[in-house]
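>>> Structure, please.
(2 chains)
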Amino acid sequence: MKALGIALHELWGLFVEDATLTIGTLICVALAAFVVPRLGIATQWRAPILFAAVVLMLLENVYRGARRT
Amino acid sequence: MSWLHSSTAFVAAFLASLVECVEALTIVLAVGTTRGWRSALLGAAASTIFLALLVALFGPALGRIPITTLQLIVGILLLLFGIRWLRKAILRAAGVISIHDEAKIYEKEKALMREAGTPARASFDTVAFIACFKAVSLEGLEVTFTVLAIGAGGSLLVASIGAALAAVLVILLGLALHRPLSRVPENTLKFIVGIMLTAFGIFWIGEGLRYPWPGEDLALIAMVVLLLLSSALGVRLARSRARVTELA
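This next block holds a predicted model:
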């Protein structure tokens, strides 16, 4: 049971290290999936908007991370 | 599947596997030299079998999931996985967090193994077995996930070949040198892999949402270049922010 707990913890750690980064990434995906189509943005712009959102979120996270450390 | 997509998948899987195999090799070498090779290699071999079973179990199941759903799920997981690497690589390059040092990890693991006591000669050493099983499983799990995720769009064979080649290369170098591969520019590799996995993740999410990418597969290359430039900006931002925090 303990080994399973450790394994699950390690598996979780593969994807989640900084909670704000994970939440920020998921928010970007959710915005691209649910909000962007409702704004009437043309389909050819939707994928680049997702990319731009992720990059901006990463830069903000790195900037904040450097301050925290 | 275009040659461009296949070659990107190959390079990403090769580099990701190279980094993880170097990390696993460091632990196996430290355990083997300190506590004996038999149990250390048995642990590594048992872990390899365990990972092969995982692939055999979950690999075929992936084929049953509708492609757009698979692309979306794999894309999100790959993005979470890759962006985590990229963030860490940016902060390391900026000097905010310490650089990954294989030689230091090797010495630390050796000290840990010595602390665990002297293994009984000619018998099975549980400490060495578990240490190697855990190390190879953890690093191998990352390789397995990367290969399955990158290959989910139809380039599984190419990605697997890339990962296998890297593993063979690291094992051969490890056998020849008998010491950790500290000269491998691991942090630079992690930077590149983080960028590639992040690009793949965003690409798959776009595909899963059925949003067209400008230039189709070429968008992957454009994303890699833009992520590289953004990461360079990230390093500068983090460096300046850390300096301001230090002065305050």
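>>> Get me the contact residues on chain A for chain B.
Applying C-beta under 8 Å from any C-beta of the partner chain, we find that chain A lies next to chain B at A:10-11, A:14-18, A:21-22, A:25-26, A:29, A:32-33, A:43-44, A:46-48, A:50-51, A:54-55, A:58-59, A:61-63, A:65-67, A:69. For glycine as for every other residue, the C-beta is placed from the backbone atoms N, C-alpha and C.
>>> buried subset of those residues?
A:14-15, A:18, A:21, A:25, A:29, A:32-33, A:46-48, A:50-51, A:54-55, A:58-59, A:61-63, A:65-66 (16 or more other C-beta atoms under 10 Å in any protein chain shown).
>>> Regarding the most centrally placed residue in chain A, which helix or strand does it belong to?
Central residue of chain A (C-alpha atoms, centre = their mean): residue A:25, 0.9 Å from the mean position. Element membership for residue A:25 (DSSP states H and E) is helix A:19-30.
>>> In chain B, spot the helix with the most residues.
What stands out as the longest helix in chain B, according to DSSP state H, is helix B:3-35.
>>> Show me the strands in chain A, by range?
When secondary structure is read from DSSP state E, chain A shows no strands.
>>> Chain B too?
Counting by DSSP E, chain B contains no strands.
>>> lowest-confidence helix or strand of it?
helix B:102-115 (a mean of 81; mean pLDDT, DSSP states H and E).
>>> Output that one in PDB, but only the C-alpha positions, please.
Extracted C-alpha coordinates of helix B:102-115, given in PDB (Å, rounded to 0.1, in the frame of the first residue of the first chain):
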ATOM      1  CA  GLU B 102      25.400  14.200 -12.200                       C
ATOM      2  CA  ALA B 103      28.700  14.000 -10.400                       C
ATOM      3  CA  LYS B 104      27.200  15.400  -7.200                       C
ATOM      4  CA  ILE B 105      24.200  13.100  -7.400                       C
ATOM      5  CA  TYR B 106      26.500  10.100  -8.000                       C
ATOM      6  CA  GLU B 107      28.500  10.900  -4.800                       C
ATOM      7  CA  LYS B 108      25.300  11.600  -2.800                       C
ATOM      8  CA  GLU B 109      23.900   8.200  -3.900                       C
ATOM      9  CA  LYS B 110      27.100   6.400  -3.000                       C
ATOM     10  CA  ALA B 111      27.100   8.000   0.500                       C
ATOM     11  CA  LEU B 112      23.500   6.900   0.900                       C
ATOM     12  CA  MET B 113      24.300   3.400  -0.100                       C
ATOM     13  CA  ARG B 114      27.300   3.300   2.300                       C
ATOM     14  CA  GLU B 115      25.000   4.500   5.100                       C
END
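>>> Buried ones in that helix, by neighbour count?
B:102, B:105, B:106, B:109, B:110, B:113.
>>> and residue 27, what does it touch?
Defaulting to chain A. Taking C-beta atoms under 8 Å, 6 or more residues apart in numbering or on different chains, we find residue A:27 in contact with residue A:57.
>>> Chain B was what I was after
Contacts of residue B:27 (C-beta under 8 Å, 6+ apart): B:105, B:109, B:131, B:132, B:135, B:136.
>>> Any stretches of chain B with poor pLDDT?
B:1, B:118-122, B:180, B:182-184, B:248 (pLDDT under 70).
>>> residue ranges of the helices in it, please?
Counting by DSSP H, the helices of chain B are B:3-35, B:37-62, B:67-93, B:102-115, B:126-150, B:156-177, B:186-208, B:218-247.
>>> Equivalent analysis for chain A, please.
A:2-15, A:19-30, A:43-68.
>>> As a markdown table, those helices with mean pLDDT would be great.
Putting the helices of chain A into a markdown table (pLDDT from 0 to 100) gives the following:
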| stretch | mean pLDDT |
| --- | --- |
| helix A:2-15 | 74 |
| helix A:19-30 | 94 |
| helix A:43-68 | 92 |
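>>> Residue B:76 is nearest to which of those helices?
helix A:19-30 (5.9 Å; C-beta to C-beta).
>>> what's the angle from that closest one to helix A:2-15?
Calculated by axes from the mean of the first three to the mean of the last three C-alpha atoms, to 10 degrees, helix A:19-30 forms an angle of 60 degrees with helix A:2-15.
>>> Determine the angle, from 0 to 180 degrees, between helix A:19-30 and helix B:186-208.
30 degrees.
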